[in-house]
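Undergrad: Need a 3D model of the following:
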Amino acid sequence: MSTTQSQRTTAHTTRTPADQAVKETLEDYTLRFAPRSYRRWTPMVVATTALGGIAYMADFSIGAGIGLAHGTSNALVAITVAAIVIFLTGLPLAYYGARYNIDLDLITRGSGFGYYGSVLTSVIFASFTFIFFALEGSIMAQGLELGLGLPLWLGYAVSTLMVIPLVVYGMKALSKLQVWTTPIWLLLMVGPLVYLVAEDPGTVDRFLAYPGTDGDGAVNTASVMLGAGVCLSLIAQIGEQIDYLRFMPPKTEANKRSWWTAVIMAGPGWVVLGALKQAIGVFLAVYVIAEVGPAAAPEPIQQFRSAFDAMMPAWLVIPLAVVLVVISQIKINVTNAYSGSLAWTNSFTRVTKHYPGRMVFVLVNLAFALALMEADMFSFLGSILGFYSNCAIAWVVTVATDIGINKYVLKLSPLQPEFRRGMLHAVNPVGVVAFAAASGLSIAMYFHLLGDALQPYSPVAAAVIAFVVTPLMAVVTKGRYYLRRTDDGISEPLLDADGNPSAAVLDCHACHQSYERPDLTACATHEAVVCSLCLSTDKVGGHVLPATV
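TA: Okay, the predicted model is just below:
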């Protein structure tokens with residue numbers, strides 16, 4: 001037996017906490033670069049899995065809420081404006097995640113925030129996942145109350161607990177779940193809409209003419225901005241898309257067409273389906289007002305109950321509506337629980353230099369979500385999303401601008417993303433200052449601190465400030481705070497001939513496991529290499545390379 005094999009056997013036998021951390025993170029490469037050896041799915045399988053999470057029902061509620069308040073015309077313009085912003089900012093992030101096989105937190109570290117600076121944005125992303133988990137869980141509880149008579153508090157608990165077994169197993173289980181449930185979901189969602197339009201074309205006229213409760217239905221800028229602000233709370237969804245896109249196969253000359261199609265479709269392209277669902281939500285809400293009344297119009301279970309009631313026998317209506325809601329909730333909330341656990345774990349591990357296990361933060365995320373549900377967050381959904389969108393916009397626009405402007409135009413940010421401890425400064429003022437300025441001022445506007453007239457424009461302020469301050473800070477700092485050192489001490493090239501991360505395998509000196517080249521740096525104290533997780537959990541910094549720039 002070789003020395004390396006002996007070390008691995010000994011490590012496996014003793015089962016130290018560090019070894020357990022290694023074992024868990026190798027299930028789906030939590031906190032790590034996703035190696036080529038694991039990425040065996042085709043581009044289209046990855047894209048289908050990523051898009052499976054877009055089955056959530058929140059879009060119907062969001063669209064309905066905007067439409068009921070501001071009218072159909074304002075709602076449709078608001079949805080379109082938000083979709084354009086989300087698509088443009090999501091494209092560079094999706095490309096970097098798929099090309100370099102890292103999640104959005106790892107991208108954020110090297111795109112303006114620094115090794116510890118991105119902890120702030122990880123918490124924001126984790127908050128996104130439990131807010132939307134709670135929203136979807138509330139919708140499912142409404143369905144269970146209607147179909148099975150379960151009280152809402154019990155429905156909240158059921159919708160929370162049922163995802164735990166599914167989210168334990170990571171990408172392998174999630175890919176199967178999303179691929180097999182997507183056709184059923186599409187049929188149940190699209191069928192009623194097509195039937196209503198074909199059977200009663202007058203529903204379209206009523207939908208287009210609906211004026212809303214806050215005005216006369218005419219398009220006005222304030223209403224559009226208020227509606228767009230709620231829609232833009234979904235801008236952080238790109239982080240969940242990247243949690244799947246990081247498993248894309250290498251981009252080569254042979255697969256570049258399917259690779260790009262998958263990245264665009266499942267990356268920023270998610271918003272096309274999201275915007276369509278929001279518009280359908282407005283349509284169904286207007287339909288439900290006439291059938292049931294305005295109180296039930298924002299609830300997806302009532303929207304689809306009314307739609308199914310028009311096209312099938314009464315005994316089948318509620319069961320199908322409940323099935324649609326349950327499938328949708330499972331498809332998105334396994335993603336919310338999975339992505340949230342990654343974000344919390346990533347932040348905790350960097351700050352404490354201890355890996356507690358991803359399942360700990362699955363439970364933490366679910367506890368936050370359940371608390372929100374029990375507090376009846378559904379009743380003040382618009383306020384929560386309107387406030388949250390300012391933080392999410394500031395973060396995503398800052399990172400997208402760093403990639404698009406600072407890397408490719410100003411060339412002050414390193415073109416290739418860096419995420420490893422020792423290679424990055426602890427905090428980079430470029431992203432942190434831009435994010436703080438954009439989120440701080442836009443939140444002040446949202447809470448009327450800068451006057452009532454400016455309040456509807458807080459999402460615009462978040463985007464514009466982040467877009468302007470990010471390159472400005474890069475110029476002011478001359479890009480000095482991106483890299484702590486430019487050489488990771490390993491002679492093996494980081495990229496292959498096609499520009500993909502290298503598949504060369506090296507052994508980590510600390511945990512005695514084999515990893516592909518991009519996940520390692522040289523060790524500061526030994527003639528050896530150390531993996532990114534061992535660097536993150538190195539409490540004394542003995543393995544961390546010294547600064548050179």
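
Undergrad: Next up, the contacts around residue 508.
TA: Contact partners of residue 508, counting by Cβ atoms under 8 Å, 6 or more residues apart in numbering, are 514-515, 520, 529-531, 534. C-beta here means a position set from N, CA and C on the backbone, and glycine is covered the same way.

Undergrad: Secondary structure element holding the residue nearest to residue 81 when sequence neighbours are not counted?
TA: In space, and not counting its chain neighbours, residue 81 is closest to residue 228: 4.6 Å by Cβ to Cβ, 6 or more residues apart in numbering. Element membership for residue 228 (DSSP states H and E) is helix 221-231.

Undergrad: burial of the closest residue to residue 196 other than its chain neighbours, as a residue count?
TA: The shortest distance from residue 196 to any non-neighbouring residue, by Cβ to Cβ, 6+ apart, is to residue 203 (5.4 Å). Neighbour count for residue 203, taken as other Cβ atoms under 10 Å: 19.

Undergrad: so residue 203 touches residue 284, yeah?
TA: No. Contact between residue 203 and residue 284 fails when scored by Cβ atoms under 8 Å: they sit 9.6 Å apart.

Undergrad: Now do the contacts for residue 483.
TA: By Cβ under 8 Å, 6+ apart, the residues touching residue 483 are 414, 418, 423-425, 549.

Undergrad: Can you select the buried ones among those for me in PyMOL?
TA: For the buried members of those, the matching PyMOL selection, counting by 16 or more other Cβ atoms under 10 Å, is:
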select buried, resi 414+418+423+424+425
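
Undergrad: Following element in sequence after the helix or strand hosting residue 344, please.
TA: Assigned by DSSP H and E, residue 344 falls within helix 314-352. As assigned by DSSP H and E, the chain's next helix or strand after helix 314-352 is helix 358-374.

Undergrad: Now that following helix: buried residues?
TA: Buried residues in helix 358-374 (16+ other Cβ under 10 Å): 358, 361-362, 364-366, 368-370, 372-373.

Undergrad: now swap in stretch 261-277 and tell me
TA: Judged by neighbour count (16+ other Cβ under 10 Å), stretch 261-277 contains these buried residues: 262-271, 274-277.

Undergrad: Which single one of the contacts of residue 483 is nearest to residue 395?
TA: Using Cβ to Cβ, residue 424 is the member of the contacts of residue 483 that sits closest to residue 395, with 17.6 Å.

Undergrad: Let me have the buried residues of helix 358-374 in CSV, adding pLDDT and distance to residue 187 as columns.
TA: Shown next, in CSV, are the buried residues of helix 358-374 (pLDDT from 0 to 100; distance: Cβ to Cβ, whole Å):
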residue, pLDDT, distance to residue 187
358, 73, 34
361, 84, 35
362, 85, 31
364, 89, 36
365, 87, 31
366, 90, 30
368, 89, 33
369, 89, 28
370, 91, 31
372, 87, 31
373, 88, 28
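
Undergrad: Looking at those residues, which is nearest residue 486?
TA: Within those, the smallest distance to residue 486 is 32.1 Å, found for residue 358 (Cβ to Cβ).

Undergrad: didn't the closest one look like it was pressed against residue 341?
TA: Yes. Look at residue 358 against residue 341 with Cβ under 8 Å: they come within range, at 4.9 Å.

Undergrad: re the thing from before, now the residue nearest to residue 196: which helix or strand?
TA: Counting by DSSP H and E, residue 203 is found in helix 202-209.

Undergrad: Now that helix: average pLDDT?
TA: The pLDDT scores in helix 202-209 average 87.

Undergrad: Number of residues surrounding residue 69?
TA: Counted with other Cβ under 10 Å, residues neighbouring residue 69 total 18.

Undergrad: Now do the same for it: its pLDDT.
TA: On the pLDDT scale, residue 69 is placed at 88.

Undergrad: Now do the contacts for it.
TA: By Cβ under 8 Å, 6+ apart, the neighbours of residue 69 are 212-214, 223, 226-227, 382.

Undergrad: ok, back up a step: just the buried subset of the contacts of residue 508, please.
TA: With neighbours counted by 16+ other Cβ under 10 Å, the contacts of residue 508 contain buried members at 515, 520, 529-531, 534.

Undergrad: Which one of the residues you listed is nearest to residue 486?
TA: Distances from residue 486 to the buried ones among the contacts of residue 508, taken by Cβ to Cβ, are shortest for residue 520, at 16.2 Å.

Undergrad: any idea how far residue 276 is from residue 63?
TA: Counting by Cβ to Cβ, to the nearest Å, the separation of residue 63 from residue 276 is 9 Å.

Undergrad: coming back round to it: ok, then the element right after the helix holding residue 228?
TA: The C-terminal neighbour of helix 221-231 among helices and strands, as given by DSSP H and E, is helix 237-245.

Undergrad: Need the CA coordinates for that next one. PDB is fine.
TA: C-alpha atoms of helix 237-245 as PDB (Å, rounded to 0.1, in the frame of the first residue of the first chain):
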ATOM      1  CA  GLN A 237     -33.200  33.500  -8.000                       C
ATOM      2  CA  ILE A 238     -30.200  33.400 -10.200                       C
ATOM      3  CA  GLY A 239     -28.200  32.100  -7.200                       C
ATOM      4  CA  GLU A 240     -30.400  29.000  -7.100                       C
ATOM      5  CA  GLN A 241     -30.100  28.500 -10.900                       C
ATOM      6  CA  ILE A 242     -26.300  28.600 -10.500                       C
ATOM      7  CA  ASP A 243     -26.400  26.000  -7.700                       C
ATOM      8  CA  TYR A 244     -27.400  23.700 -10.600                       C
ATOM      9  CA  LEU A 245     -25.500  25.300 -13.500                       C
END
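
Undergrad: can you pull the contacts of the nearest residue to residue 372 once chain neighbours are set aside?
TA: Closest residue in space to residue 372, ignoring its immediate chain neighbours: residue 134 at 3.7 Å, by Cβ to Cβ, 6+ apart. Shown in contact with residue 134 (Cβ under 8 Å, 6+ apart): 368-370, 372-373, 377.

Undergrad: Any figure for the gap between residue 134 and residue 332?
TA: Residue 134 sits at a distance of 12 Å from residue 332 (criterion: Cβ to Cβ).

Undergrad: try residue 326
TA: Residue 326 sits 11 Å away from residue 332 when distances are taken as Cβ to Cβ.

Undergrad: Just want to know which of the two has more residues nearby.
TA: residue 332 (27 against 18).

Undergrad: Just give me the neighbour total for the closest residue in space to the more buried one that isn't next to it in sequence.
TA: Distances taken as Cβ to Cβ, 6+ apart put residue 56 closest to residue 332, at 3.6 Å, once the chain neighbours are dropped. Look at residue 56: counted by other Cβ under 10 Å, it has 25 neighbours.

Undergrad: Right, I'll call it a day here.
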